[in-house]
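A.B. asks: give the three-dimensional model of this entry:
(chains A and B)
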Amino acid sequence: MRLSKSLIPTLKETPAEAQIASHRLMLRAGMIRQMASGIYAWLPTGLRVLSKISQIVREEQDAIGAQELLMPTIQSADLWRESGRYDAYGKEMLRITDRHDRELLYGPTNEEMITAIVRDSTKSYRDLPQLAYHIQWKFRDEVRPRFGVLRGREFLMKDSYSFDLDYEGAVAVYKKTMLSYMRTFQRIGITAIPMRADTGQIGGDLSHEFHILAPTGESGVFYDAAFEAGDAIGVTDVDAFYDQVTTIYAATDEKHDTAVWDEIPEDRRREGRGIEVGQIFYFGKKYSEAMGFAVTGPDGQKIYPEMGSYGIGVSRLVGAIIEARHDEAGIIWPDAVAPFRAAILNLRQGDAVTDALCERLYAALGADALYDDREERAGAKFAEADLMGHPWQIIVGPRGAANGQVELKRRATGERFELSVEEALAKVQG
RNA sequence: CGGGGCGUGGCGCAGCCUGGUAGCGCGCUUGUUUUGGGUACAAGAGGCCCCCGGUUCGAAUCCGGGCGCCCCGACCA
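C.D. replies: Just a heads-up that it's a prediction; the model follows:
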């Protein structure tokens, strides 16, 4: 993308409403604009990040056999009356009526809907288990939206739902999902820690929250340093991984147990702050029974499926990643989710040599590069590249360009390399 | 939902107390300048002062009502 022609409205000064780092930086980097309290438009760079995160989430869901589908955002009130949650959910649910005065709602979650869909299309125990997910916009009418995208009212979430014949099956999916989540966060490039959690609105008796470590996190977290060295990607034994991950100590301040804490060797104790970016639940037959969903078993008896639901806050992750990775100058994107892998900074726009060199780099890098081809001072280009946080900056100035050299800067470390075009490309693409 | 604050060009703000019809910085446009860390000078463009009503000869300013947004707390993917 050529910056001179892009809709990337960066801001030199911070809008008054933004208090927290990720909110400030997302506005200043031109990723989002607020359209109403807790409701944001995602501009091109913001959307690119959202899409990259979604894609990683999608790949990891597919890898555990979850099937992607897409349910509507608007749901019928009647559906929620079946589970009894229409009255239970309270003011967080946005309720609307259509022209015929039919009661509808903008979905805050989809347990009822997926249960109805699976109920109406599976009749035999042979049709189970089922595991399905979608990545879809949700709406929860928060009393007090804040922190930008971290607590918006409209947010993008990956939610998946499982239906199993028995408890063992349900717990197996739960464990598999736990592993897939740890892989997902690791691939994104952040440390996430699973912690035992309450089940809240969803109900049930087994649940974990996933927290990203960030100094500005909303909850205090206590954990064993073993999490920092954890590797989920190479894991093949799901059960062993689950046992290991759930026995290492980790708790939010609400559930912190000082007795257990004191038994952990002192050099492994870590205290920090966390942002919740996901939660998984096993809740048994809560919805299948309430909504009359049973399949016929091998012996002709009804079996009410054991269910679970699993969420990752995709839009919240964008803010959470920034909270975890930024400095004075701006965002520091992990390679995997950066809107652009590299920025090409033309320090002398209009100079035949630097222009030609930049065009060559841009042609080689394609869509994953942002070419700063504006008529701007070098300083402005540096400042904006740091703000937007591209993992690599390829700096093309008249000094080096004359002998085919460019400067490559790594945003995360500040390292700089004087390289030939080929070497720079190899490094960026490698 | 309790408490506090704010609403004035795209962004950040001043002006309001002590009514006289709007100003500063940044950004934007044009020219010159500068050319490796948000350059300097000059000339421009751009405002229903959140909305409605009231007081007044006259309202951004005072009064009433409404709407929007932010912060703290309780609540939450």
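
A.B. asks: what about the lengthiest helix in chain A, average pLDDT?
C.D. replies: Using DSSP state H, we find that the single longest helix of chain A is helix A:167-188. In this model, helix A:167-188 has an average pLDDT of 96.

A.B. asks: same check on stretch A:253-264?
C.D. replies: Mean pLDDT, stretch A:253-264: 87.

A.B. asks: and that stretch with RNA strand B, contact?
C.D. replies: No: for a cut-off given as Cβ under 7 Å from any atom of the strand, stretch A:253-264 has no contacts with RNA strand B; the smallest distance is 9.4 Å. In short, each C-beta sits where N, CA and C put it, glycine included.

A.B. asks: residue numbers of the stretch 301-430 of chain A in contact with RNA strand B?
C.D. replies: Residues of the stretch 301-430 of chain A lying near RNA strand B (Cβ under 7 Å from any atom of the strand): A:311, A:313, A:315-316, A:329, A:347-348, A:376-380, A:382-384, A:386-387, A:395-400, A:407, A:409, A:416.

A.B. asks: give the ChimeraX command for selecting the buried subset of the residues you listed.
C.D. replies: Only the buried entries of those go into this ChimeraX selection, using 16 or more other Cβ atoms under 10 Å:
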select /A:311,313,315,316,329,347,348,376,382,383,384,386,387,395,396,397,400,407,409
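
A.B. asks: how about stretch A:126-138: buried residues?
C.D. replies: Neighbour-count burial for stretch A:126-138 flags A:L128, A:P129, A:Q130, A:L131, A:A132, A:Y133, A:H134, A:I135, A:Q136, A:K138 (criterion: 16+ other Cβ under 10 Å).

A.B. asks: again, but for stretch A:268-278
C.D. replies: A:R270, A:G272, A:R273, A:G274, A:I275, A:E276, A:V277, A:G278.

A.B. asks: can I get those in JSON lines including pLDDT and distance to A:A343?
C.D. replies: As requested, the buried residues of stretch A:268-278 are exported to JSON lines (pLDDT from 0 to 100; distance: Cβ to Cβ, whole Å):
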{"residue": "A:R270", "pLDDT": "91", "distance to A:A343": "34"}
{"residue": "A:G272", "pLDDT": "88", "distance to A:A343": "31"}
{"residue": "A:R273", "pLDDT": "89", "distance to A:A343": "31"}
{"residue": "A:G274", "pLDDT": "91", "distance to A:A343": "31"}
{"residue": "A:I275", "pLDDT": "93", "distance to A:A343": "27"}
{"residue": "A:E276", "pLDDT": "93", "distance to A:A343": "32"}
{"residue": "A:V277", "pLDDT": "95", "distance to A:A343": "27"}
{"residue": "A:G278", "pLDDT": "94", "distance to A:A343": "31"}
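
A.B. asks: of those residues, list those near RNA strand B.
C.D. replies: Answer for the buried residues of stretch A:268-278 near RNA strand B (Cβ under 7 Å from any atom of the strand): A:E276, A:V277, A:G278.

A.B. asks: and the lengthiest strand in chain A, what does it pack onto?
C.D. replies: When chain A is parsed with DSSP state E, its longest strand is strand A:269-284. Counting contacts by 3 or more Cβ pairs under 8 Å, 6 or more residues apart in numbering; DSSP states H and E, strand A:269-284 is packed against helix A:167-188, strand A:192-196, strand A:206-213, strand A:219-224, strand A:306-313, helix A:314-324.

A.B. asks: try 6 Å this time
C.D. replies: In terms of contacts (3 or more Cβ pairs under 6 Å, 6 or more residues apart in numbering; DSSP states H and E), strand A:269-284 is packed against helix A:167-188, strand A:206-213, strand A:219-224, strand A:306-313, helix A:314-324.

A.B. asks: export the ones you listed to CSV and tack on distance to A:L43?
C.D. replies: What follows is the helices and strands packed on strand A:269-284, written out as CSV (distance: least, Cβ to Cβ, whole Å):
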stretch, distance to A:L43
helix A:167-188, 21
strand A:206-213, 23
strand A:219-224, 30
strand A:306-313, 20
helix A:314-324, 12
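
A.B. asks: redo the buried residues of stretch A:126-138 as JSON lines? Include pLDDT.
C.D. replies: Output for these, formatted as JSON lines (pLDDT from 0 to 100):
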{"residue": "A:L128", "pLDDT": "97"}
{"residue": "A:P129", "pLDDT": "97"}
{"residue": "A:Q130", "pLDDT": "98"}
{"residue": "A:L131", "pLDDT": "98"}
{"residue": "A:A132", "pLDDT": "98"}
{"residue": "A:Y133", "pLDDT": "98"}
{"residue": "A:H134", "pLDDT": "97"}
{"residue": "A:I135", "pLDDT": "97"}
{"residue": "A:Q136", "pLDDT": "96"}
{"residue": "A:K138", "pLDDT": "95"}
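
A.B. asks: got those as TSV, with secondary structure and distance to RNA strand B columns?
C.D. replies: Formatted as TSV, the buried residues of stretch A:126-138 follow (DSSP: H, G, I helix; E, B strand; the rest coil; distance: Cβ to the nearest atom of the strand, whole Å):
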residue	secondary structure	distance to RNA strand B
A:L128	coil	26
A:P129	coil	24
A:Q130	strand	22
A:L131	strand	19
A:A132	strand	18
A:Y133	strand	14
A:H134	strand	15
A:I135	strand	13
A:Q136	strand	12
A:K138	strand	8
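
A.B. asks: okay, now the domains of chain A?
C.D. replies: A:3-330, A:340-429 (automatic domain parsing).

A.B. asks: before we move on, the earlier item: list the ones among the residues of the stretch 301-430 of chain A next to RNA strand B that fall in strands.
C.D. replies: Of these, the ones assigned to strands by DSSP E are A:G311, A:G313, A:I395, A:V396, A:E407, A:K409, A:R416.

A.B. asks: and the last one, bridged to which residues?
C.D. replies: Right, the one you point to is A:R416. A:R416 has these beta-bridge partners by DSSP bridges: A:K409.

A.B. asks: could you report the neighbour count for the nearest residue to A:E228 once chain neighbours are set aside?
C.D. replies: Nearest residue to A:E228, sequence neighbours excluded (Cβ to Cβ, 6 or more residues apart in numbering): A:T191, at 6.2 Å. A:T191 is flanked by 18 other residues according to other Cβ atoms under 10 Å.

A.B. asks: how close does A:T191 sit to A:W261?
C.D. replies: 19 Å (Cβ to Cβ, to the nearest Å).
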